[in-house]
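> Could you look at this predicted model? Sequence included:
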Amino acid sequence: MRSWGVEQKRREFTEFYAAAKDDCLRIVLISVGDRPLAEDLVAEAFTRAWTSWRTVRDHPAPRAWVVRTALNAHVSWWRRRRREVPLAEAEPGVTWQPAGVDDALAAAIRLLPPRQREVLVLRVFFDLDTEATAALLGVAPGTVGVHLHRALGTLRTKIPSLLD
């Protein structure tokens, strides 16, 4: 009986992973801007999701849980490395080109402050409502609205085609 539960858990997680990995990677990639780092962060997040699958499975937005975990891992990664002195870039000027997202829009999103980027990603790309976004980020619903309003205002000034 126990092996049946393990197999069911494995099957559920495998289906979730196959359906969510590309979306999660795309969202983290927009926030981070570095494909290898984003892949590592998403892999770490899915590993944590597997170890906590019972909790993640019952979460109202499991994909958002994975993205939030990946972004938290990025903060930890950044804190460990912020005092390091970077050497010259291997290929300066090379930027990530997101698939399915306008280049100017992706560049403008990367320039937003981290909290505005997170709110924008959760509200627009994951289509979460204000309450779910607030609960996921641990902020008040009004704060979500303020960050979304500021992010959209910034994007409108940076990308004139968004005014239409």
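Perfect, thanks for sending it.

> Walking through the chain, point out its helices one by one.
All helices of the chain, identified by DSSP state H, fall at 2-32, 35-51, 53-58, 62-81, 103-111, 114-120, 130-137, 141-158.

> Mind listing what's buried along the last one?
Buried positions in helix 141-158, judged by neighbour count with 16 or more other C-beta atoms under 10 Å: 143-144, 147-148, 150-152, 154-155. C-beta here means a position set from N, CA and C on the backbone, and glycine is covered the same way.

> Return the member of the helices of the chain having the minimum mean pLDDT.
Mean pLDDT is lowest for helix 103-111 among the helices of the chain, at a mean of 82.

> so what secondary structure elements neighbour it?
On a contact count with 3 or more C-beta pairs under 8 Å, 6 or more residues apart in numbering; DSSP states H and E, helix 103-111 meets helix 2-32, helix 114-120, helix 141-158.

> If we use 7 Å, what do you get?
Helices and strands touching helix 103-111, by 3 or more C-beta pairs under 7 Å, 6 or more residues apart in numbering; DSSP states H and E: there are none.

> For that helix, what is the distance to the chain centroid?
How far helix 103-111 lies from its chain's middle: 15 Å, per C-alpha atoms, centre = their mean, to the nearest Å.

> for stretch 63-77, the distance to its chain's centre please.
That offset, for stretch 63-77, works out to 7 Å (C-alpha atoms, centre = their mean).

> buried set for it?
63-71, 73-74.

> before we move on, what about stretch 11-22?
In stretch 11-22, counting by 16+ other C-beta under 10 Å, buried: 13, 16, 20-21.

> likewise stretch 119-135?
Here stretch 119-135 shows 119-123, 125-126, 128, 130, 132-135 as buried, counting by 16+ other C-beta under 10 Å.

> How about residues contacting it?
Contacts to stretch 119-135, defined as C-beta atoms under 7 Å, 6 or more residues apart in numbering, come from residues 27, 30-31, 60-61, 63-64, 109, 112, 136, 140-141, 143-145, 147-148, 151.

> Now with 10 Å, please.
Contacts with stretch 119-135, where a contact means C-beta atoms under 10 Å, 6 or more residues apart in numbering, come from 23-24, 26-28, 30-31, 60-61, 63-64, 67-68, 71, 101, 109, 112-113, 118, 136-137, 139-152, 154-155.

> Give me the domain ranges for the chain.
1-88, 99-164 (automatic domain parsing).

> got a list of what Ser31 touches?
38, 41, 67, 70-71, 74, 109-110, 112, 114, 117-118, 120-121.

> where does it sit relative to Pro141, distance-wise?
22 Å (C-beta to C-beta, to the nearest Å).
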